[in-house]
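Student: need a structure here:
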Amino acid sequence: MKQLLLTSILFGWISTAVFADNPIKDKPIKTGADQTEQYLPYLKGKRVALLANPTTIVGNKHFVDSMLKRGVNIVKVFGPEHGFRGNASAGIKVADEVDPTTGVKVVSLYGPKRKPSKADLEDVDLMIFDIQDVGCRFYTYINVLSHIMEACAENGKELLILDRPNPNGYLVDGPILDMTYKSGIGMFPIPIAHGMTIAEFAQMINGEGWLPNKMQAKLTIIKVANYAHDMDYTLPVKPSPNLNTQQSIMLYPTTCLFEGTVLNHGRGTQFPFTIFGSPLYKGIYDFSFTPVSIKGMAETPLHMNKECYGIDLRNVDIAALKKSKRIQIQWMIDLYNKFPMKEQFFDRSQSNQIGDINKLIGNDVFRKQVAEGLSVEAIYASWEPGLSAYKTMRKKYLLYP
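Tutor: Numbers count the residues shown, from 1 in each chain. Purely as a prediction, here's the structure:
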């Protein structure tokens, strides 16, 4: 029976309300947003704002469009990287606007402003967060989540999270971020793959006191129905322009690390994060591709208009990778060992797209380990005991088995 459960989990003095449905085997996964019967009465009479992007859907419609038709008073939308409707390229600053489809005011959080201001929230009774995450430290929507929580805590606003499955929820792996390398692609002392949904991560932010001055955000959560972390989940909408296939999403915890190398990792093709190469591998690898400018995905990709040779992971068996429950660092080690100019392999300063491997991996040790020829097993071992300690801490905040 569906019911409103008030959890007894207390983070400081803040309680978390969770609208819950008991997981049932052999039932389809149902996102928080799709369980409209659980939250529509809660929105009645409230002035609602939300953090949204193209993954914010109910069925096959955008949440904003659907809610407005149902009479919900949406007063404004906050848009993250790529914008509210997803029409901005990666890294491109996004301006405030009025949504031409609905006339709703859109406030950008990917420009000069990274969190809602007091003025932004004065006419808001309830904030909603509904964005599809992919479960990685360097996928920046968990940073956006913390900024929204901070603004809500500062201004006494409740945050309703419509939870979604983490397609990489089975994976908890990688070195814990050395906070010396805290940046926009790593804000929290967590591994590369954190193994949590957005709602679980929000509880961790509260519980671990990661907001400034250990503030607490008041959370209300609509859980995903019939979900467990190890379940397969195919995203109905691509989470960002360059995560455009299920294969790229599942490989992302590993392959995003190539942003910290001089290799093109598929940007400028229709297969980002699944193919990798450089002109310098000519004669070493047979597979090749040529990156080109693609509006909305990669206007100036690395090695643009140059034939790159390397590896193709588009047909890698994801089921086998899931069984290993590890980030696959062997690919990077192999590519490093075969690179003709090893001293430049991790030096993105030679390109127009600077990526810092230390910030991506979360420490200054990994590139040295690769250069010194450490084995995969030795590198994995170096991630302990931090990884095991994180796994123990993570258990306190899980909403799903």
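Student: would you list every one of the helices in the protein?
Tutor: Along the chain, the stretches classed as helices by DSSP state H are 36-43, 63-69, 118-121, 141-155, 198-207, 246-255, 318-324, 330-338, 357-361, 366-371, 376-382, 386-394.
Student: these: which one's closest to P100?
Tutor: Minimum separation from P100 across the helices of the chain (CB to CB) falls at helix 63-69, 12.3 Å. From N, CA and C alone the C-beta is placed, and that goes for glycine too.
Student: which neighbouring elements make contact with that closest one?
Tutor: strand 47-51, strand 57-58, strand 73-79 (3 or more CB pairs under 8 Å, 6 or more residues apart in numbering; DSSP states H and E).
Student: quick revisit: out of the helices of the chain, nearest to N226?
Tutor: Taking the helices of the chain one by one with CB to CB, helix 36-43 is closest: 13.9 Å.
Student: export the helices and strands packed on helix 63-69 as CSV, with columns for distance to S288 and mean neighbour count.
Tutor: Shown next, in CSV, are the helices and strands packed on helix 63-69 (distance: least, CB to CB, whole Å; neighbours: other CB atoms under 10 Å):
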stretch, distance to S288, mean neighbour count
strand 47-51, 41, 22
strand 57-58, 37, 20
strand 73-79, 37, 21
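Student: and of these, who's closest to P340?
Tutor: strand 73-79 (43.0 Å).
Student: still on that earlier bit, so which of the helices of the chain gets nearest P301?
Tutor: Closest among the helices of the chain, using CB to CB: helix 246-255, at 15.0 Å.
Student: average pLDDT for the closest one?
Tutor: Across helix 246-255, pLDDT averages out at 98.
Student: now render the helices of the chain as a markdown table, adding distance to P191 and mean neighbour count.
Tutor: Output for the helices of the chain, formatted as a markdown table (distance: least, CB to CB, whole Å; neighbours: other CB under 10 Å):
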| stretch | distance to P191 | mean neighbour count |
| --- | --- | --- |
| helix 36-43 | 32 | 16 |
| helix 63-69 | 30 | 18 |
| helix 118-121 | 33 | 14 |
| helix 141-155 | 13 | 22 |
| helix 198-207 | 13 | 24 |
| helix 246-255 | 9 | 23 |
| helix 318-324 | 15 | 12 |
| helix 330-338 | 17 | 16 |
| helix 357-361 | 10 | 22 |
| helix 366-371 | 13 | 18 |
| helix 376-382 | 12 | 13 |
| helix 386-394 | 6 | 15 |
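Student: sorry, back to before: just put the helices and strands packed on helix 63-69 in JSON lines and tack on distance to D178 and mean pLDDT.
Tutor: What follows is the helices and strands packed on helix 63-69, written out as JSON lines (distance: least, CB to CB, whole Å; pLDDT from 0 to 100):
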{"stretch": "strand 47-51", "distance to D178": "29", "mean pLDDT": "97"}
{"stretch": "strand 57-58", "distance to D178": "37", "mean pLDDT": "96"}
{"stretch": "strand 73-79", "distance to D178": "31", "mean pLDDT": "95"}
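Student: and the helices of the chain as TSV, adding distance to Q270?
Tutor: Listed next are those as TSV, based on distance: least, CB to CB, whole Å:
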stretch	distance to Q270
helix 36-43	34
helix 63-69	27
helix 118-121	37
helix 141-155	23
helix 198-207	28
helix 246-255	10
helix 318-324	19
helix 330-338	20
helix 357-361	23
helix 366-371	29
helix 376-382	30
helix 386-394	34
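Student: and A217, which of the ones you listed is closest to it?
Tutor: Among those, if distance is taken as CB to CB, the winner is helix 141-155, at 3.9 Å.
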